[in-house]
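Whatever this is, show me its structure:
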Amino acid sequence: MTDGAGGETAADGVRSWRRWVGRPGGSLTRRLIWLASAWIVLALVLTGWALTTQYQESALRRLGNVLSATIDEVVVASNAGPDGLVIAEIKDAATLRPLSGDYWAVAEPAPGDRLRILARSPSLAGSDLSVPPELPPRLASAFGQIISYNAIGPRGEPLRVAASMKQLPGRSAPVVFMAGIDRSNIDNDTRQFATFTWTSLLILGVGLVIAVFLQVQIGLRPLFSLRNEIADVRKGKAARIARGYPLEIQPLAEQVNRLLDHNQETVERQRTHVGNLAHALKTPLSVMLAEAGTQQGPLPDMVRKQTEVMKAQVDHHLRRARAAARAQMLGERTPIAEVLDEMAVMLERVFEARGVEIDWRALDDLGFRGERQDLQEILGNLMENACKWAKRRVRVSAGTTGLGQMIVVVEDDGPGLPADQREAALERGARMDETTPGSGLGLSIVVELTRAYGGRITLADSELGGLKVLLELPTAEA
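Next comes the predicted model:
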């Protein structure tokens, strides 16, 4: 059953709440704070309602006791005489003063479920106490008991009225005794108490929510620290989780360290297998090349050619396997400025006869999230290629994008490369000029290593007049 057209059932609401509480996403801190805050609000609302209700009922009970005493006093003063009901003088100053707020009246049942007033207190000043239509039957059914209700007094003030039907000696018809009292003071006191109570509970609730927030923040601080340490490991700023944690979290930290150790062992095992495979393949290939080199003829030439192709393919795939294994490792960080300086010094010596100058710039805290050997091979191939084609000048700059990636730009002032040949230049073994020394494998090696690390390489025109190579690689925060 729904609450209306398009509405949802209470069960649907409970299921939605459970899905929200138990969903895997979202913030654990926010979830804990919301749950605690919801319970605090519910508890304080129930407490405020209970306190104000209890205070009001207690005040009404006190008024009821006063009204009951007034009725007893009027009953004692009432007698059944031959000429009708006789009420002795009641010397209560409040009931003697007109419109004082304290009233009493005596009535008898009349036809049509009505009451006919027989006597009233001087304070009523000729007015009657308000009688609801359902009161006479209720009084008859609860004979001798006091029934209380709210009414409006002669001055328009709120009244609390008590009535009881009794039997007087010497009178056959029952008599209804009523007493009323102004409840304005009680209502004001109740409102003041409710205002004070709700204000106090509101302040208490805000304080409790703040305390819950602080408790959750402080209690979950070790989790935040563990999260930051794991992020440092992923970014290459740390190799392991080094801090100690509370008893509930320490096993998780130890399991993460074991996972890192296992990952390291797996990578080392892969390296060993790759090395063994390289040794096992390269030795027979070297023997075949040596044997073919001593022979002349079509068959030895074919053997030499195919063996060189096999050796190149082995080097190619082994390099990719090593790069892929290293790219999966966590905690690796290589300062790029050190590698650029090392490569620049070495290449300037190699191309000293041509007077090639290498101008490089990089931030001191910029790091590559990977192994130094791979970065050396990537930058070494790019910078060497630029030096081969440059006239005099090579410029290298490295910076970060702020998105977990860094950009390395290598430019030269050489002849450049037409746009329609750039894609082919990145293919394995491609050589744009046969007069220039080299195997044509340099750029393809860079492409393979870059892709293994999830990066990208792009060729464009340089402001220096030659070729510009834009290289995107993962960065490791300092």
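
shaky segments in the stretch 351-478 of the chain?
Applying pLDDT under 70 to the stretch 351-478 of the chain flags the ranges 427-442, 477-478.

show me where the stretch 101-250 of the chain has strands.
Secondary structure of the stretch 101-250 of the chain, counting by DSSP state E, counting those that start in this stretch: strands at 102-110, 114-120, 146-152, 158-166, 175-182.

how about the first one: buried residues?
Neighbour-count burial for strand 102-110 flags 102-109 (criterion: 16 or more other CB atoms under 10 Å). For glycine as for every other residue, the C-beta is placed from the backbone atoms N, C-alpha and C.

And the residues you listed, which two are furthest apart?
Greatest spatial distance among the buried residues of strand 102-110 (CB to CB): Asp102 and Pro109, at 24.9 Å.

would you turn the strands of the stretch 101-250 of the chain into a markdown table with distance to Val45?
Listed next are these as a markdown table, based on distance: least, CB to CB, whole Å:
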| stretch | distance to Val45 |
| --- | --- |
| strand 102-110 | 37 |
| strand 114-120 | 42 |
| strand 146-152 | 26 |
| strand 158-166 | 27 |
| strand 175-182 | 31 |
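
Give the next helix or strand downstream of the longest helix along the chain.
Using DSSP state H to define each element, the chain has its longest helix at helix 28-77. Sequence-wise, the next helix or strand downstream of helix 28-77 (DSSP states H and E) is strand 78-81.

Could you spell out the sheet neighbours of that next one, each with its direction?
Strand 78-81 sits in its sheet next to strand 84-87 (antiparallel), going by DSSP bridges.

Give me the distance from the partner strand to the chain's centre.
79 Å (CA atoms, centre = their mean, to the nearest Å).

Report the mean per-residue pLDDT for that strand.
The average pLDDT for strand 84-87 rounds to 81.

thought Leu115 was touching Ser130?
No. Leu115 lies out of contact with Ser130 (CB atoms under 8 Å); the separation is 10.9 Å.

Looking at the two, which is more packed in?
When Leu115 and Ser130 are compared for neighbours, Leu115 comes out ahead with 21 against 16, by other CB atoms under 10 Å.

ok, that one to Ile181 distance?
In this view, Leu115 and Ile181 are 19 Å apart by CB to CB, to the nearest Å.

Equivalent analysis for Leu426, please.
From Leu426 to Ile181 the distance is 100 Å (CB to CB).

do the same with Ala238
Distance, Ala238 to Ile181, by CB to CB: 79 Å.

higher neighbour count, those two?
More crowded of Ala238 and Ile181, by other CB under 10 Å: Ile181, with 24 against 18.

For the more buried one, name its beta-bridge partners.
Under the criterion used (DSSP bridges), Ile181 bridges to Asp102, Arg160.

ok, now which ones touch it?
63, 66-67, 70, 101-103, 159-160 (CB atoms under 8 Å, 6 or more residues apart in numbering).

now do 6 Å
Residues near Ile181 by CB atoms under 6 Å, 6 or more residues apart in numbering: 63, 102, 160.

and what of Ser397?
Applying CB under 6 Å, 6+ apart, the residues near Ser397 are 361, 409.

I'd guess it is in a strand, am I close?
Yes. Ser397: assigned to a strand according to DSSP: H, G, I helix; E, B strand; the rest coil.

Bridged to it, which residues?
Bridge pairing for Ser397 (DSSP bridges) gives the partners Arg361, Val409.

That one and Glu463: what is the separation?
Noted for Ser397: a distance of 12 Å to Glu463, by CB to CB.

Over to Thr475?
Distance from Thr475 to Glu463, by CB to CB: 24 Å.

okay, those two: which has more neighbours?
Ranked by neighbour count (other CB under 10 Å), Thr475 and Glu463 place Thr475 first, with 25 against 9.

looking at this, the more buried one is in a strand?
Yes. Counting by three-state DSSP, Thr475 is part of a strand.

Okay, helices next: where are they in the stretch 201-350 of the chain?
221-235, 250-293, 298-327, 336-350 (DSSP state H, counting those that start in this stretch).

In terms of secondary structure, what does the longest one contact?
In other words, helix 250-293. When contacts are defined as 3 or more CB pairs under 6 Å, 6 or more residues apart in numbering; DSSP states H and E, helix 250-293 packs onto helix 298-327.

Now with 8 Å, please.
If you count contacts as 3 or more CB pairs under 8 Å, 6 or more residues apart in numbering; DSSP states H and E, helix 250-293 packs onto helix 221-235, helix 298-327.

Out of the ones you listed, point me to the one whose mean pLDDT is lowest.
The weakest mean pLDDT among the helices and strands packed on helix 250-293 belongs to helix 298-327, with a mean of 68.

Please list all residues in contact with the nearest residue to Leu473 once chain neighbours are set aside.
In space, and not counting its chain neighbours, Leu473 is closest to Gly455: 4.4 Å by CB to CB, 6 or more residues apart in numbering. By CB under 8 Å, 6+ apart, the contact set of Gly455 is 405, 471-474.

Could you count how many residues lie near His144?
Careful, residue 144 is Gly and not His. Gly144 has 10 nearby residues by other CB under 10 Å.

need the contact list for the closest residue to it other than its chain neighbours.
Spatial nearest neighbour of Gly144, chain neighbours left out: Lys166 (6.2 Å); criterion: CB to CB, 6+ apart. Lys166 sits next to 75, 143-144, 174-177 when contact means CB under 8 Å, 6+ apart.

try 7 Å
75, 144, 174-175, 177 (CB atoms under 7 Å, 6 or more residues apart in numbering).

top of those by neighbour count?
Of those, Phe177 is surrounded by the most neighbours, 24 neighbours in total, counting by other CB under 10 Å.

Angles on the backbone of Pro111, please.
Main-chain torsions, Pro111, degrees, to the nearest 10: phi -60, psi 150.

Distance of it relative to Ser164?
Counting by CB to CB, the gap from Pro111 to Ser164 is 21 Å.

what do you get for Asp128?
Relative to Ser164, Asp128 is positioned 17 Å away (CB to CB).

what's the answer for Val314, then?
In this view, Val314 and Ser164 are 112 Å apart by CB to CB.

neighbour count winner among the two?
Set side by side, Val314 and Ser164 show more neighbours around Ser164, with 22 against 16, by other CB under 10 Å.

Quick one: residues contacting that one.
Contacts of Ser164 by CB under 7 Å, 6+ apart are 71, 144-146, 177.

quick one, what contacts the closest residue to it other than its chain neighbours?
The shortest distance from Ser164 to any non-neighbouring residue, by CB to CB, 6+ apart, is to Ile146 (4.7 Å). Under the criterion of CB under 7 Å, 6+ apart, the neighbours of Ile146 are 68, 162, 164.

again with Thr401
Going by CB under 7 Å, 6+ apart, the list of residues near Thr401 reads Ile407.

change it to 10 Å
407, 472, 475 (CB atoms under 10 Å, 6 or more residues apart in numbering).

how about JSON lines for these, with distance to Lys305 added?
Listed next are those as JSON lines, based on distance: CB to CB, whole Å:
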{"residue": "Ile407", "distance to Lys305": "40"}
{"residue": "Glu472", "distance to Lys305": "37"}
{"residue": "Thr475", "distance to Lys305": "43"}
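
Check those against Ile210 and report the nearest one.
Distance to Ile210 across those (CB to CB) is lowest for Thr475, with 39.5 Å.

ok, that closest one to Leu366 distance?
Distance, Thr475 to Leu366, using CB to CB: 7 Å.

for Pro335, same thing?
Pro335 is 7 Å from Leu366, by CB to CB.
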